[in-house]
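# Sequence and predicted structure below; questions after.
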Amino acid sequence: MEVDSIHAPVEKRLKKKVIHVPAGYIEMLESCRPICEYDPYSVKYLSHDYFRDYHSLEKYKNIRPGSKSGDPVVTDIVALRFENDSISYKLSFSDEYSPLPASCIKRTARDDPTELTTLHPTCLPIKKSKWQHVQDLKPYIPKNYHSFYHELPYRQ
């Protein structure tokens, strides 16, 4: 499978590397495919402010293309396509895409999708007990990584 050609070098490199902080995974992933051989993997580090709150947008109750007995069901779908505000489906790879019926759409108050609010205004805190467990592991981590773990936000 095509995805195996990506996973294999990642797993191979990961076996030889000790990673102490999440950013170490980015370095490792980017080094899995040297520039001299191919283009390196593109890795995007996502922070809490990347994620948006989509609850106010129009929703789909389901993606079943039919509504009555004998009509196509979800397991008959072989392909879905998401474009702008609509979902199209195929029941056979040789078919053209058909839009999902209007009965699948649940209408809600609609905001401008370009002005969605951030889902989490700050980093999500971990439990105090988990934070304490991480602190207990610091003696086994090089000192230059301690500040990352000490500054993790936690809740009581």
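It's in.
# longest helix anywhere in the protein?
Secondary structure of the chain per DSSP state H: the longest helix is helix 4-15.
# Just list what it packs against, helices and strands only.
helix 23-30 (3 or more CB pairs under 8 Å, 6 or more residues apart in numbering; DSSP states H and E). In this view, the C-beta of every residue, glycine as well, is placed from N, C-alpha and C.
# show me where this protein has helices.
4-15, 23-30, 128-136, 146-150.
# what angle sits between the longest helix of the chain and helix 23-30?
Relative orientation of helix 4-15 versus helix 23-30 (axes from the mean of the first three to the mean of the last three CA atoms, to 10 degrees): 130 degrees.
# How far does helix 4-15 sit from its chain's centre?
20 Å (CA atoms, centre = their mean, to the nearest Å).
# I'd like the mean pLDDT over that helix, please.
Taken as a whole, helix 4-15 has a mean pLDDT of 84.
# Can you pull the poorly scored residue ranges out of the chain?
1, 34-39, 56-59, 105-114 (pLDDT under 70).
# One more pass at 90, please.
1-14, 16-17, 23, 26-72, 82-87, 99-118, 121, 156 (pLDDT under 90).
# Where do the domain boundaries of it fall?
Using automatic domain parsing, the domains assigned to the chain come out as 1-45, 59-115, 118-156.
# Show me which parts of the shortest one are buried, residue by residue.
Applying a neighbour-count criterion of 16 or more other CB atoms under 10 Å, the buried positions in domain 118-156 are residue 131.
# measure that domain end to end?
24 Å (CA to CA, to the nearest Å).
# next one: stretch 71-87
End-to-end for stretch 71-87, by CA to CA: 18 Å.
# do stretch 53-71 as well
OK, stretch 53-71 end separation, CA to CA: 34 Å.
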